[in-house]
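>>> Model the structure of this input:
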Amino acid sequence: MNEKLLEIMKKKKIVLIILFIIIGLSSSFLYKNYKNRGRTIKNEQVLLETKRRAWLKLKDILENKIRHFKGTVSLVVKNLDSNWEITFNKGTLIPSASLVKIPIMLSCFYAAQDGKISLKDTIALKSSDKVSGSKVLGKDPAGSVFTVEELFNPMITQSDNVAANILIDFLGFDTLNSYFKKMGLKNTNIARKMMDFKERKGGVENYTTAQDMAYLLEELYYQKFLNKDVSERCLELLGQQRINDRIPRKLPKNGTFIAHKTGLERHICHDVGIVFTNKGNFLICVLVKHENKFAKPAKKLISDMALLVYNYYQNL
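The predicted model follows:
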(Lines give C-alpha, C1' and ligand atoms only; values in the text may rest on other atoms or scores of the structure.)
Protein backbone atom coordinates (compact mmCIF):
# COMPACT_ATOMS: atom_id res chain seq x y z
CA MET A 1 0.00 0.00 0.00
CA ASN A 2 2.79 2.35 0.92
CA GLU A 3 4.50 1.73 -2.38
CA LYS A 4 1.24 2.36 -4.28
CA LEU A 5 0.63 5.52 -2.28
CA LEU A 6 4.14 6.73 -2.97
CA GLU A 7 3.64 5.98 -6.68
CA ILE A 8 0.37 7.94 -6.74
CA MET A 9 1.97 10.87 -4.92
CA LYS A 10 4.91 10.76 -7.30
CA LYS A 11 2.59 10.91 -10.31
CA LYS A 12 0.61 13.78 -8.78
CA LYS A 13 3.85 15.63 -8.16
CA ILE A 14 4.87 15.17 -11.79
CA VAL A 15 1.44 16.38 -12.97
CA LEU A 16 1.68 19.43 -10.71
CA ILE A 17 5.15 20.22 -12.00
CA ILE A 18 3.93 19.97 -15.60
CA LEU A 19 0.95 22.20 -14.77
CA PHE A 20 3.23 24.77 -13.16
CA ILE A 21 5.46 24.72 -16.24
CA ILE A 22 2.46 25.15 -18.59
CA ILE A 23 1.04 27.96 -16.46
CA GLY A 24 4.43 29.64 -16.33
CA LEU A 25 4.94 29.41 -20.06
CA SER A 26 1.37 30.60 -20.73
CA SER A 27 1.79 33.53 -18.39
CA SER A 28 5.08 34.43 -20.02
CA PHE A 29 3.50 34.19 -23.48
CA LEU A 30 0.49 36.25 -22.43
CA TYR A 31 2.71 38.86 -20.83
CA LYS A 32 4.91 39.12 -23.91
CA ASN A 33 1.81 39.26 -26.12
CA TYR A 34 0.36 41.96 -23.86
CA LYS A 35 3.59 43.95 -24.07
CA ASN A 36 3.76 43.55 -27.87
CA ARG A 37 0.13 44.54 -28.20
CA GLY A 38 0.80 47.52 -26.00
CA ARG A 39 3.73 48.54 -28.18
CA THR A 40 1.57 48.12 -31.33
CA ILE A 41 -1.19 50.30 -29.88
CA LYS A 42 1.36 52.89 -28.82
CA ASN A 43 2.98 52.87 -32.27
CA GLU A 44 -0.44 53.23 -33.91
CA GLN A 45 -1.24 56.16 -31.63
CA VAL A 46 2.09 57.81 -32.42
CA LEU A 47 1.52 57.31 -36.16
CA LEU A 48 -2.02 58.67 -35.93
CA GLU A 49 -0.80 61.72 -34.02
CA THR A 50 1.95 62.27 -36.61
CA LYS A 51 -0.62 62.12 -39.41
CA ARG A 52 -2.94 64.46 -37.53
CA ARG A 53 -0.20 67.06 -36.99
CA ALA A 54 0.80 66.84 -40.65
CA TRP A 55 -2.85 67.24 -41.67
CA LEU A 56 -3.24 70.36 -39.53
CA LYS A 57 -0.04 71.76 -41.03
CA LEU A 58 -1.41 71.04 -44.52
CA LYS A 59 -4.61 72.86 -43.57
CA ASP A 60 -2.63 75.96 -42.53
CA ILE A 61 -0.61 75.94 -45.76
CA LEU A 62 -3.69 75.59 -47.98
CA GLU A 63 -5.57 78.33 -46.13
CA ASN A 64 -2.56 80.62 -46.39
CA LYS A 65 -2.39 80.10 -50.16
CA ILE A 66 -6.09 80.91 -50.47
CA ARG A 67 -5.78 84.08 -48.41
CA HIS A 68 -2.99 85.32 -50.66
CA PHE A 69 -4.96 84.66 -53.85
CA LYS A 70 -6.89 87.55 -55.38
CA GLY A 71 -10.35 86.11 -55.76
CA THR A 72 -12.91 83.85 -54.10
CA VAL A 73 -11.78 80.28 -53.50
CA SER A 74 -14.05 77.49 -52.33
CA LEU A 75 -12.25 74.35 -51.16
CA VAL A 76 -12.97 70.85 -49.90
CA VAL A 77 -10.18 68.35 -49.34
CA LYS A 78 -11.07 65.00 -47.80
CA ASN A 79 -8.85 62.16 -46.65
CA LEU A 80 -10.89 59.18 -47.86
CA ASP A 81 -9.12 56.83 -45.42
CA SER A 82 -9.70 58.79 -42.22
CA ASN A 83 -12.57 61.09 -43.34
CA TRP A 84 -10.59 64.13 -42.15
CA GLU A 85 -11.61 67.29 -43.99
CA ILE A 86 -10.09 70.64 -44.84
CA THR A 87 -12.67 73.17 -45.99
CA PHE A 88 -12.73 76.83 -46.89
CA ASN A 89 -15.86 78.66 -48.10
CA LYS A 90 -17.30 75.22 -48.89
CA GLY A 91 -20.88 76.48 -49.02
CA THR A 92 -20.20 79.62 -51.10
CA LEU A 93 -22.26 79.81 -54.28
CA ILE A 94 -20.02 80.10 -57.35
CA PRO A 95 -21.00 79.86 -61.05
CA SER A 96 -20.56 76.20 -61.90
CA ALA A 97 -19.37 76.52 -65.53
CA SER A 98 -18.79 72.95 -66.82
CA LEU A 99 -18.96 71.33 -63.39
CA VAL A 100 -22.73 71.16 -63.95
CA LYS A 101 -22.04 68.46 -66.55
CA ILE A 102 -21.44 65.95 -63.75
CA PRO A 103 -24.99 66.19 -62.31
CA ILE A 104 -26.40 66.37 -65.86
CA MET A 105 -24.84 62.96 -66.56
CA LEU A 106 -26.03 61.58 -63.23
CA SER A 107 -29.55 62.89 -63.91
CA CYS A 108 -29.64 60.90 -67.14
CA PHE A 109 -28.80 57.71 -65.24
CA TYR A 110 -31.45 58.60 -62.65
CA ALA A 111 -34.10 59.22 -65.34
CA ALA A 112 -33.19 55.93 -67.01
CA GLN A 113 -33.65 54.10 -63.72
CA ASP A 114 -37.04 55.78 -63.28
CA GLY A 115 -38.05 54.65 -66.76
CA LYS A 116 -38.48 58.21 -68.07
CA ILE A 117 -35.79 57.76 -70.71
CA SER A 118 -33.52 55.06 -72.08
CA LEU A 119 -29.78 55.57 -72.43
CA LYS A 120 -30.26 54.09 -75.90
CA ASP A 121 -32.70 56.85 -76.91
CA THR A 122 -31.45 58.69 -80.00
CA ILE A 123 -31.22 62.44 -80.48
CA ALA A 124 -30.47 64.31 -83.72
CA LEU A 125 -28.04 67.22 -83.74
CA LYS A 126 -29.61 70.50 -84.87
CA SER A 127 -27.81 73.50 -86.36
CA SER A 128 -29.10 75.61 -83.47
CA ASP A 129 -27.33 73.28 -81.03
CA LYS A 130 -23.92 74.38 -82.23
CA VAL A 131 -22.03 76.65 -79.83
CA SER A 132 -18.39 77.43 -79.16
CA GLY A 133 -16.41 75.17 -76.84
CA SER A 134 -17.30 72.04 -78.80
CA LYS A 135 -14.21 70.26 -80.07
CA VAL A 136 -16.10 67.04 -80.74
CA LEU A 137 -19.71 67.48 -81.81
CA GLY A 138 -19.01 70.90 -83.28
CA LYS A 139 -17.42 69.14 -86.25
CA ASP A 140 -20.43 66.91 -86.91
CA PRO A 141 -23.06 68.00 -89.45
CA ALA A 142 -26.63 68.82 -88.46
CA GLY A 143 -28.74 65.68 -88.56
CA SER A 144 -26.07 63.50 -86.97
CA VAL A 145 -27.70 61.08 -84.53
CA PHE A 146 -26.38 60.10 -81.09
CA THR A 147 -27.69 57.97 -78.27
CA VAL A 148 -27.94 59.54 -74.81
CA GLU A 149 -25.01 57.52 -73.48
CA GLU A 150 -22.85 58.37 -76.51
CA LEU A 151 -23.04 62.02 -75.44
CA PHE A 152 -21.53 61.34 -71.99
CA ASN A 153 -17.98 60.79 -73.21
CA PRO A 154 -17.51 64.06 -75.14
CA MET A 155 -19.43 66.02 -72.48
CA ILE A 156 -17.28 64.72 -69.61
CA THR A 157 -13.87 63.87 -71.04
CA GLN A 158 -13.56 66.89 -73.37
CA SER A 159 -16.19 69.14 -71.78
CA ASP A 160 -18.10 69.38 -75.06
CA ASN A 161 -20.77 72.09 -74.73
CA VAL A 162 -22.93 70.88 -77.61
CA ALA A 163 -23.25 67.44 -76.00
CA ALA A 164 -24.29 69.09 -72.73
CA ASN A 165 -26.84 71.36 -74.41
CA ILE A 166 -28.41 68.46 -76.30
CA LEU A 167 -28.94 66.63 -73.01
CA ILE A 168 -30.27 69.79 -71.32
CA ASP A 169 -32.87 70.11 -74.09
CA PHE A 170 -33.63 66.40 -73.95
CA LEU A 171 -34.40 66.32 -70.20
CA GLY A 172 -35.44 69.94 -69.67
CA PHE A 173 -34.52 72.40 -66.92
CA ASP A 174 -37.33 71.41 -64.54
CA THR A 175 -36.52 67.70 -64.74
CA LEU A 176 -32.79 68.33 -64.26
CA ASN A 177 -33.31 70.58 -61.24
CA SER A 178 -35.69 68.00 -59.78
CA TYR A 179 -33.05 65.28 -60.12
CA PHE A 180 -30.36 67.56 -58.69
CA LYS A 181 -32.42 67.79 -55.50
CA LYS A 182 -33.31 64.10 -55.59
CA MET A 183 -29.66 63.08 -55.68
CA GLY A 184 -28.93 65.21 -52.61
CA LEU A 185 -27.54 68.47 -53.99
CA LYS A 186 -28.43 71.44 -51.79
CA ASN A 187 -27.09 74.44 -53.72
CA THR A 188 -26.69 73.34 -57.33
CA ASN A 189 -29.05 74.44 -60.10
CA ILE A 190 -29.26 74.72 -63.86
CA ALA A 191 -30.96 77.82 -65.28
CA ARG A 192 -29.27 78.36 -68.65
CA LYS A 193 -27.53 76.33 -71.35
CA MET A 194 -23.79 76.23 -71.83
CA MET A 195 -22.26 79.29 -73.52
CA ASP A 196 -25.53 81.25 -73.32
CA PHE A 197 -23.84 84.54 -72.50
CA LYS A 198 -26.97 86.55 -73.22
CA GLU A 199 -28.75 84.83 -70.33
CA ARG A 200 -25.63 85.08 -68.19
CA LYS A 201 -25.38 88.82 -68.81
CA GLY A 202 -29.03 89.11 -67.76
CA GLY A 203 -28.24 87.53 -64.41
CA VAL A 204 -29.38 83.98 -65.20
CA GLU A 205 -26.69 81.67 -63.88
CA ASN A 206 -25.91 78.06 -62.97
CA TYR A 207 -24.48 77.77 -59.47
CA THR A 208 -22.88 75.12 -57.30
CA THR A 209 -20.62 74.79 -54.26
CA ALA A 210 -17.48 72.84 -53.42
CA GLN A 211 -19.56 71.06 -50.78
CA ASP A 212 -22.09 69.80 -53.35
CA MET A 213 -19.39 68.65 -55.76
CA ALA A 214 -17.54 66.84 -52.96
CA TYR A 215 -20.77 65.12 -51.95
CA LEU A 216 -21.34 63.82 -55.50
CA LEU A 217 -17.79 62.54 -55.82
CA GLU A 218 -18.06 60.73 -52.48
CA GLU A 219 -21.30 59.09 -53.60
CA LEU A 220 -19.48 57.76 -56.66
CA TYR A 221 -16.35 56.76 -54.71
CA TYR A 222 -18.32 54.72 -52.16
CA GLN A 223 -20.55 53.36 -54.98
CA LYS A 224 -23.69 54.82 -53.41
CA PHE A 225 -25.05 56.62 -56.46
CA LEU A 226 -27.93 54.41 -57.65
CA ASN A 227 -25.80 51.23 -57.67
CA LYS A 228 -22.25 49.92 -57.98
CA ASP A 229 -22.32 49.61 -61.78
CA VAL A 230 -23.54 53.16 -62.40
CA SER A 231 -21.07 54.62 -59.88
CA GLU A 232 -18.19 52.75 -61.53
CA ARG A 233 -19.25 53.85 -65.04
CA CYS A 234 -19.35 57.50 -63.97
CA LEU A 235 -15.96 57.31 -62.22
CA GLU A 236 -14.48 55.62 -65.28
CA LEU A 237 -15.67 58.47 -67.50
CA LEU A 238 -14.26 61.06 -65.09
CA GLY A 239 -11.00 59.10 -65.14
CA GLN A 240 -10.75 59.56 -68.94
CA GLN A 241 -10.64 63.36 -68.59
CA ARG A 242 -8.45 64.95 -71.28
CA ILE A 243 -8.26 68.44 -69.79
CA ASN A 244 -5.44 67.93 -67.30
CA ASP A 245 -3.97 71.38 -66.68
CA ARG A 246 -5.18 71.70 -63.07
CA ILE A 247 -5.41 68.86 -60.48
CA PRO A 248 -3.22 66.38 -62.44
CA ARG A 249 -0.78 68.96 -63.80
CA LYS A 250 2.02 68.49 -61.23
CA LEU A 251 1.19 64.95 -60.08
CA PRO A 252 3.15 61.92 -61.34
CA LYS A 253 1.39 59.88 -64.01
CA ASN A 254 2.82 56.59 -62.83
CA GLY A 255 1.02 55.15 -59.80
CA THR A 256 -1.65 57.87 -59.81
CA PHE A 257 -5.19 57.67 -61.19
CA ILE A 258 -7.35 60.80 -61.22
CA ALA A 259 -11.10 60.97 -61.86
CA HIS A 260 -12.01 64.64 -62.24
CA LYS A 261 -13.96 67.36 -64.07
CA THR A 262 -12.91 70.89 -64.89
CA GLY A 263 -14.91 74.07 -65.37
CA LEU A 264 -13.78 77.21 -67.17
CA GLU A 265 -15.50 80.46 -68.14
CA ARG A 266 -14.57 84.13 -68.01
CA HIS A 267 -13.35 84.79 -64.43
CA ILE A 268 -14.27 81.21 -63.43
CA CYS A 269 -11.84 78.30 -63.09
CA HIS A 270 -12.57 74.98 -61.33
CA ASP A 271 -11.43 71.41 -60.96
CA VAL A 272 -12.96 68.72 -58.76
CA GLY A 273 -11.88 65.12 -58.46
CA ILE A 274 -10.63 62.06 -56.64
CA VAL A 275 -6.92 61.22 -56.63
CA PHE A 276 -6.02 57.55 -56.18
CA THR A 277 -2.43 56.93 -55.00
CA ASN A 278 -0.42 54.02 -53.61
CA LYS A 279 -0.30 55.78 -50.23
CA GLY A 280 -4.01 56.63 -49.95
CA ASN A 281 -6.87 58.29 -51.81
CA PHE A 282 -8.15 61.82 -51.43
CA LEU A 283 -10.88 64.06 -52.74
CA ILE A 284 -10.15 67.63 -53.77
CA CYS A 285 -12.60 70.26 -55.01
CA VAL A 286 -11.34 73.75 -55.84
CA LEU A 287 -13.73 76.36 -57.22
CA VAL A 288 -12.25 79.76 -58.12
CA LYS A 289 -13.87 83.07 -59.04
CA HIS A 290 -11.23 85.62 -60.00
CA GLU A 291 -10.80 88.96 -61.74
CA ASN A 292 -7.69 88.12 -63.75
CA LYS A 293 -7.70 88.54 -67.53
CA PHE A 294 -6.63 84.93 -67.95
CA ALA A 295 -7.12 81.81 -65.85
CA LYS A 296 -3.42 80.96 -65.53
CA PRO A 297 -3.06 82.10 -61.86
CA ALA A 298 -6.18 80.13 -60.88
CA LYS A 299 -4.95 77.02 -62.67
CA LYS A 300 -1.61 77.33 -60.89
CA LEU A 301 -3.35 77.68 -57.53
CA ILE A 302 -5.36 74.50 -58.13
CA SER A 303 -2.35 72.48 -59.31
CA ASP A 304 -0.21 73.75 -56.40
CA MET A 305 -2.85 72.74 -53.84
CA ALA A 306 -3.33 69.31 -55.42
CA LEU A 307 0.44 68.74 -55.20
CA LEU A 308 0.53 69.81 -51.55
CA VAL A 309 -2.18 67.29 -50.67
CA TYR A 310 -0.48 64.57 -52.71
CA ASN A 311 2.83 65.23 -50.92
CA TYR A 312 1.07 64.90 -47.55
CA TYR A 313 0.44 61.24 -48.38
CA GLN A 314 3.84 60.58 -49.90
CA ASN A 315 5.76 62.10 -46.99
CA LEU A 316 3.99 59.90 -44.44
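
>>> can you list the domains in the protein?
59-92+209-316, 99-203 (automatic domain parsing).

>>> residue contacts, the spatially closest residue to Val76 that is not a sequence neighbour?
In this structure, Val76 finds its nearest non-sequential neighbour in Ala214, 4.1 Å apart by Cβ to Cβ, 6 or more residues apart in numbering. Yep, even glycine has a C-beta here, placed from its N, CA and C like the rest. The contact partners of Ala214, by Cβ atoms under 8 Å, 6 or more residues apart in numbering, come to Val76, Lys78, Lys90, Val272, Leu283, Cys285.

>>> How about the fifth one: what's its closest non-neighbour residue?
I take that to be Leu283. Spatial nearest neighbour of Leu283, excluding adjacent residues (Cβ to Cβ, 6+ apart): Lys78 at 4.3 Å.

>>> rewinding a little: want to throw the contacts of Ala214 into TSV with pLDDT, neighbour count and distance to Lys250?
Formatted as TSV, the contacts of Ala214 follow (pLDDT from 0 to 100; neighbours: other Cβ atoms under 10 Å; distance: Cβ to Cβ, whole Å):
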residue	pLDDT	neighbour count	distance to Lys250
Val76	98	26	19
Lys78	98	22	20
Lys90	98	18	23
Val272	98	28	17
Leu283	98	23	18
Cys285	98	31	17
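
>>> Mind putting these into JSON lines with distance to Ala54 and secondary structure?
Conversion of the contacts of Ala214 to JSON lines gives the following (distance: Cβ to Cβ, whole Å; DSSP: H, G, I helix; E, B strand; the rest coil):
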{"residue": "Val76", "distance to Ala54": "19", "secondary structure": "strand"}
{"residue": "Lys78", "distance to Ala54": "15", "secondary structure": "strand"}
{"residue": "Lys90", "distance to Ala54": "21", "secondary structure": "coil"}
{"residue": "Val272", "distance to Ala54": "24", "secondary structure": "strand"}
{"residue": "Leu283", "distance to Ala54": "18", "secondary structure": "strand"}
{"residue": "Cys285", "distance to Ala54": "21", "secondary structure": "strand"}
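
>>> any idea how far Cys234 is from the nearest residue to Lys193 once chain neighbours are set aside?
In space, not counting the residues next to it along the chain, Lys193 is nearest to Asn165; the distance is 4.8 Å by Cβ to Cβ, 6+ apart. The spacing between Asn165 and Cys234, counted by Cβ to Cβ, to the nearest Å, is 20 Å.

>>> Over to Gly202?
As defined by Cβ to Cβ, Gly202 lies at a distance of 33 Å from Cys234.

>>> Neighbour count for those two, which is higher?
Ranked by neighbour count (other Cβ atoms under 10 Å), Gly202 and Cys234 place Cys234 first, with 23 against 10.

>>> tell me the SS of that one?
Judged by DSSP: H, G, I helix; E, B strand; the rest coil, the three-state class of Cys234 is helix.

>>> so it makes contact with Glu219?
No: applying Cβ atoms under 8 Å, one finds Cys234 not in contact with Glu219, separated by 9.3 Å.

>>> Name the residues contacting each of these two.
Phe225.

>>> which residues touch Phe69?
Applying Cβ under 8 Å, 6+ apart, the residues contacting Phe69 are Val288, His290, Pro297, Ala298, Leu301.

>>> Take the contacts of Ala214 and lay them out in CSV including distance to Gly115.
Shown next, in CSV, are these (distance: Cβ to Cβ, whole Å):
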residue, distance to Gly115
Val76, 34
Lys78, 34
Lys90, 35
Val272, 30
Leu283, 32
Cys285, 32
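
>>> which of the residues you listed lies closest to Asp174?
The shortest gap between Asp174 and any of the contacts of Ala214 belongs to Val272, at 25.3 Å (Cβ to Cβ).

>>> Could you verify my assumption that the closest one touches Lys261?
Yes: at 5.9 Å, Val272 and Lys261 qualify as touching, with contact defined as Cβ under 8 Å.

>>> which neighbours do the two share?
Shared contacts of Val272 and Lys261, defined by Cβ under 8 Å, 6+ apart, are found at Leu99, Ile102.

>>> Do you have the helices of the protein handy? List them.
According to DSSP state H, the chain carries its helices in the segments 2-67, 101-113, 152-157, 161-171, 173-182, 197-201, 210-221, 228-238, 296-315.

>>> so where's the stretch 1-150 of the chain shaky on pLDDT?
1-9, 11, 15-16, 20, 23-40 (pLDDT under 70).

>>> OK, contacts around Ser144?
Contacts here follow Cβ under 8 Å, 6+ apart; on that basis Ser144 touches Ala124, Leu125, Leu137.
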